[in-house]
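*Asks:* pasted the sequence and its predicted model underneath.
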Amino acid sequence: MSRHQKKNSFLNKLLYFVNSIFAATLLLSYFLSFVSPKTVPVFSVASLAVPFLIFVNFAFLLYWVIKLKKYFILSGIVLLIGWLFFPPLLKFTKKNIALNSDVKIMSYNVRMFNVYKWTEEEGIGEKIIQFIKDKDPDILAIQEYYHSKDTQLKYPYHYFAPKSKKNNFGLALFSKYKIINKGSLNFKNSANNAIFIDIVKGKDTIRIYNLHLQSLKLNPQKENFGEANSEKLIGRLKRGFIQQANQVEQFLKHETTWKGKKVICGDFNNTAFSWVYRQLAKNKKDAFNVAGINFGKSYNYFFPVRIDFILTDTKTKIHNFKTYSEKLSDHYPIMSRINFE
């Protein structure tokens with residue numbers, strides 16, 4: 001064997017070793033969605049990295065295929081497991097049906113309409129309001145809603161739940177259908193919350209939840225991932241995951257009180273590969289999985305992350321799902337056409 005061949009052989013073995021680490025990490029990350037963050041909260045960090053790990057393993061797969069090496073089998077098997085048994089990262093086909101009896105439901109984290117100037121761009125609040133008017137959803141769930149005379153939307157029925165009497169921000173639900181009941185779960189020790197309304201459409205009474213789980217406050221643009229802040233970062237993530245788990249348990253307990261048709265909208269602050277999502281989506285349809293296409297990226301992150309969801313009961317028909325590309329917040333709005341008949 002020549003020196004060049006030996007060098008290539010060593011490089012391939014080294015790359016395969018690195019490949020093995022990424023493949024094993026992805027496989028472990030898949031199954032961490034079955035483990036509550038309250039058990040080992042630090043492991044839940046891995047669920048946030050699943051989209052990135054899928055990309056890395058796919059890159060290794062392509063590399064070995066091009067090199068005509070059987071090493072591609074490792075990443076291929078791990079990716080196949082994810083494709084067959086876990087929510088899709090990427091959808092190649094979509095569903096696009098429009099019936100007069102459909103209900104258009106939008107979920108949107110508006111980042112308080114830029115009241116605190118997270119961006120220097122002018123007129124963000126007005127642009128968000130105009131975007132919503134143009135899309136004209138029948139039901140609108142807003143997270144991080146800021147209530148003022150400039151952010152009022154003309155819906156016949158609405159429910160706004162500020163986090164405290166001193167604040168003008170919280171969760172809001174707007175509806176073209178009559179609201180006959182409403183309420184708030186009032187998460188403790190958190191600026192986040194869950195609210196609901198019961199609406200009447202024809203002969204049906206439908207419950208709509210607006211859910212905003214604990215933020216992990218993870219910002220790659222501002223975060224220093226160096227040694228000095230690593231312990232502080234991990235500690236904050238652990239506390240955030242535990243709070244999310246507690247909030248999910250409170251929500252699921254409340255959800256059992258409703259036996260009729262329902263929709264759960266919101267910003268889960270976690271991915272479709274997390275324990276949080278697995279618990280909330282159990283025995284439900286995910287509008288993106290049924291009718292969406294591409295990555296469904298709903299958060300402005302450096303790789304595709306889907307943390308905003310529309311879920312329904314299994315009997316409800318989902319006819320369309322779309323993630324919009326408007327960069328008016330750190331989240332992208334999502335909307336689905338849903339049919340209850």
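*Replies:* Done, it's in.

*Asks:* make it CA atoms for all contacts and neighbour counts henceforth
*Replies:* OK.

*Asks:* what bridges to residue 308?
*Replies:* residue 267 (DSSP bridges).

*Asks:* next: the one 5 residues further on.
*Replies:* With DSSP bridges applied, the residues forming beta bridges to residue 313 are residue 284.

*Asks:* quick one: pLDDT of it?
*Replies:* pLDDT, residue 313: 96.

*Asks:* likewise the one 4 residues further on?
*Replies:* Turning to residue 317, the model gives it a pLDDT of 97.

*Asks:* just residue 188 next, same as before
*Replies:* For residue 188, pLDDT reads 92.

*Asks:* repeat that for residue 180.
*Replies:* On the pLDDT scale, residue 180 gets 98.

*Asks:* any buried residues in the one helix or strand it maps to, and which?
*Replies:* In this assignment (DSSP states H and E), residue 180 forms part of strand 179-184. For strand 179-184, a neighbour-count test (16 or more other C-alpha atoms under 10 Å) marks 179, 182, 184 as buried.

*Asks:* next helix or strand past it?
*Replies:* strand 193-201.

*Asks:* other residues contacting the helix or strand following that following strand?
*Replies:* Next along the chain after strand 193-201, taking DSSP H and E as the criterion, comes strand 204-212. Strand 204-212 is contacted by residues 141-143, 171-173, 192-200, 258, 260-269 when judged by C-alpha atoms under 8 Å, 6 or more residues apart in numbering.

*Asks:* centre of the chain to strand 204-212, how far?
*Replies:* 17 Å (C-alpha atoms, centre = their mean, to the nearest Å).

*Asks:* tell me the strands beside it, with direction?
*Replies:* By DSSP bridges, strand 204-212 pairs with strand 193-201 (antiparallel), strand 261-267 (parallel).

*Asks:* so which of the ones you listed is the most surrounded?
*Replies:* strand 261-267 (a mean of 24; mean count of other C-alpha atoms under 10 Å).

*Asks:* so for that strand, mean pLDDT?
*Replies:* 97.

*Asks:* so residue 129, which state does it fall into?
*Replies:* Look at residue 129: counting by DSSP: H, G, I helix; E, B strand; the rest coil, its state is helix.

*Asks:* ok, back up a step: what's the closest of the strands paired with strand 204-212 to residue 94?
*Replies:* Residue 94 lies closest to strand 261-267 among the strands paired with strand 204-212, at 19.9 Å (C-alpha to C-alpha).

*Asks:* what mean pLDDT does the next helix or strand after the closest one have?
*Replies:* Counting by DSSP H and E, the element after strand 261-267 in chain order, helix or strand, is helix 275-281. Regarding helix 275-281, the rounded mean pLDDT is 97.

*Asks:* pop the domain breakdown of this structure in here.
*Replies:* 3-85, 103-339 (automatic domain parsing).

*Asks:* got these as CSV, with distance to residue 91 columns?
*Replies:* Putting those into CSV (distance: least, C-alpha to C-alpha, whole Å) gives the following:
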stretch, distance to residue 91
domain 3-85, 11
domain 103-339, 5
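
*Asks:* out of the ones you listed, nearest to residue 93?
*Replies:* Once the domains of the chain are compared by C-alpha to C-alpha, domain 103-339 is nearest, at 5.7 Å.

*Asks:* would you pull up how far that closest one lies from the middle of the chain?
*Replies:* 8 Å.

*Asks:* what's stretch 310-319 in contact with?
*Replies:* 95-98, 107, 261-266, 281, 283-288, 290-291, 335-341.

*Asks:* ugh, wrong one, I meant stretch 183-196
*Replies:* With C-alpha under 8 Å, 6+ apart, stretch 183-196 has contacts from 161, 163, 170-173, 182, 197, 207-215, 247, 250-251.

*Asks:* 7 Å instead?
*Replies:* 163, 182, 197, 207, 208, 209, 210, 211, 212, 213, 214, 247 (C-alpha atoms under 7 Å, 6 or more residues apart in numbering).

*Asks:* also stretch 328-336?
*Replies:* By C-alpha under 7 Å, 6+ apart, stretch 328-336 touches 104-111, 124, 128, 287, 298-300, 320-326.

*Asks:* which residue ranges of this structure form helices?
*Replies:* 3-31, 45-48, 50-66, 72-85, 124-135, 227-255, 275-281, 287-291 (DSSP state H).

*Asks:* picking up where we left off before, as JSON lines, the buried residues of strand 179-184 with distance to residue 29 would be great.
*Replies:* Converted to JSON lines, the buried residues of strand 179-184 look like this (distance: C-alpha to C-alpha, whole Å):
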{"residue": "179", "distance to residue 29": "41"}
{"residue": "182", "distance to residue 29": "37"}
{"residue": "184", "distance to residue 29": "33"}
